[in-house]
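# Any chance you can model this:
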Amino acid sequence: MTAMISPPVSCRPASQPETERLRRLFPLGRSRAPTCSVVAVAGSEQALIGHATLVRRERDRDDAFVLLQTRGGEADLTDRLLAEAIVVARACGLTALSTFDSFPEHAEAAAPFLRAGFSAAEWIIEASVRMAEAEARARRVLERFQRRGGIPEGLDFTDLTRRELWPAVRKKVHDERLMDAGRFDDAVAGRGSQPLDRESSAIIADGSELLGIHLASRVPGGLHIPVRWVHENHRHGWLNAALMIMTGDRCGCPPEAPISLGFHTAIHSETARYAHRMGARITSVKQRLRITL
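Residues are numbered from 1 along each chain as shown. As a prediction, this is how the structure comes out:
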């Protein structure tokens with residue numbers, strides 16, 4: 001019996017029409033398009049069997065996410081795609097690549113990136129605590145600061161129903177690398193997999209200056225806080241507690257409802273300490289990989 005011969009596979013930069021078709025495979029905000037792509041094609045018909053698509057994390061930045069997908073092909077196809085993608089990324093003027101996906105430690109899916117020279121750059125951690133417990137601890141902290149007279153007067157305690165605050169919040173969470181601007185645009189408009197609940201997303205400001213941000217999304221049975229930020233002059237103080245209480249009061253969740261916090265330890269490790277003080281337990285730990293070009 002004659003053995004089946006697999007058609008030859010080649011990896012090459014994608015054409016513009018191919019790059020546009022790959023856009024729908026890349027689950028990012030609508031406001032951005034692929035920067036460049038590499039495709040793996042098989043046989044004379046050039047059937048698409050894999051791709052490495054690069055999308056700038058923001059237009060004004062020189063680093064990009066990379067999404068790698070394959071369907072069939074040789075065992076080393078992912079390695080070949082990544083090697084070609086790194087060459088193309090340099091030609092596109094990019095200085096670094098980060099995996100779009102995050103992986104549990106030692107995950108098999110991370111192996112091709114590690115072989116290509118990527119290494120762990122961010123730890124993405126999810127922690128969870130009951131609403132009643134988080135609020136009770138926050139109120140004790142706030143009361144202690146109130147007794148000491150440490151809370152300024154005349155501040156604006158509000159939320160994301162105030163559309164005029166969107167540009168400032170968008171810029172702050174992007175500049176602090178907490179949520180890129182394209183994702184914020186989708187989330188605050190109610191689009192994407194994790195739309196923001198505007199009323200539960202607490203904001204504290206002093207005139208035009210933002211002091212604290214708690215972005216909140218509703219999840220089945222509870223609430224998720226994907227972004228929490230406080231001004232550097234107010235960390236480890238009353239602002240953290242006030243934001244938690246504001247979010248709890250606005251969301252209308254029952255006391256037993258879970259509230260989860262997401263944070264990247266390489267970016268804002270203070271949230272990890274905050275979650276521990278709130279009595280939260282770690283529910284998920286993943287890593288995002290990065291390579292400098």
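
# and stretch 176-194, how far apart are its ends?
20 Å (Cα to Cα, to the nearest Å).

# Please identify the buried residues of it?
178-188, 192, 194 (16 or more other Cβ atoms under 10 Å). Every C-beta, even on glycine, is put in place using the N, C-alpha and C of the backbone.

# quick one, what contacts Glu18?
For Glu18, the contacting residues are Ser37, Val39, Leu48, by Cβ atoms under 8 Å, 6 or more residues apart in numbering.

# likewise Ala14?
Leu22, Cys36, Ser37, Val38, Val39, His51.

# Can you tell me how far it is from Thr99?
Using Cβ to Cβ, to the nearest Å, one gets 19 Å for the distance from Ala14 to Thr99.

# What average pLDDT does the helix or strand containing Pro17 get?
Using DSSP states H and E, Pro17 falls within helix 16-22. What helix 16-22 shows for mean pLDDT is 74.

# picking that back up, give me the buried entries from the contacts of Glu18.
Ser37, Val39, Leu48.

# Would you mind giving these as a markdown table with distance to Asp63 and pLDDT added?
Shown next, in a markdown table, are the buried ones among the contacts of Glu18 (distance: Cβ to Cβ, whole Å; pLDDT from 0 to 100):
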| residue | distance to Asp63 | pLDDT |
| --- | --- | --- |
| Ser37 | 16 | 78 |
| Val39 | 22 | 78 |
| Leu48 | 26 | 75 |
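
# Among those residues, which one sits closest to Leu289?
Ser37 (19.0 Å; Cβ to Cβ).

# for the chain, what's the longest helix?
helix 131-147 (DSSP state H).

# Is Ala205 in contact with Asp159, as I believe?
No - the criterion here is Cβ atoms under 8 Å, and Ala205 misses it with Asp159 at 11.0 Å.

# pLDDT weak spots in the stretch 51-200 of the chain?
58-60, 72-75 (pLDDT under 70).

# what do you get if the cut-off is 80, keeping everything else the same?
56-61, 71-75, 149-151, 175-177, 180 (pLDDT under 80).

# what are the ranges of the strands in it?
Secondary structure of the stretch 51-200 of the chain (DSSP state E, counting those that start in this stretch): strands at 63-70, 96-99, 119-130, 156-159.

# For Ala275, which of those strands is the nearest?
Closest among the strands of the stretch 51-200 of the chain, using Cβ to Cβ: strand 119-130, at 4.2 Å.
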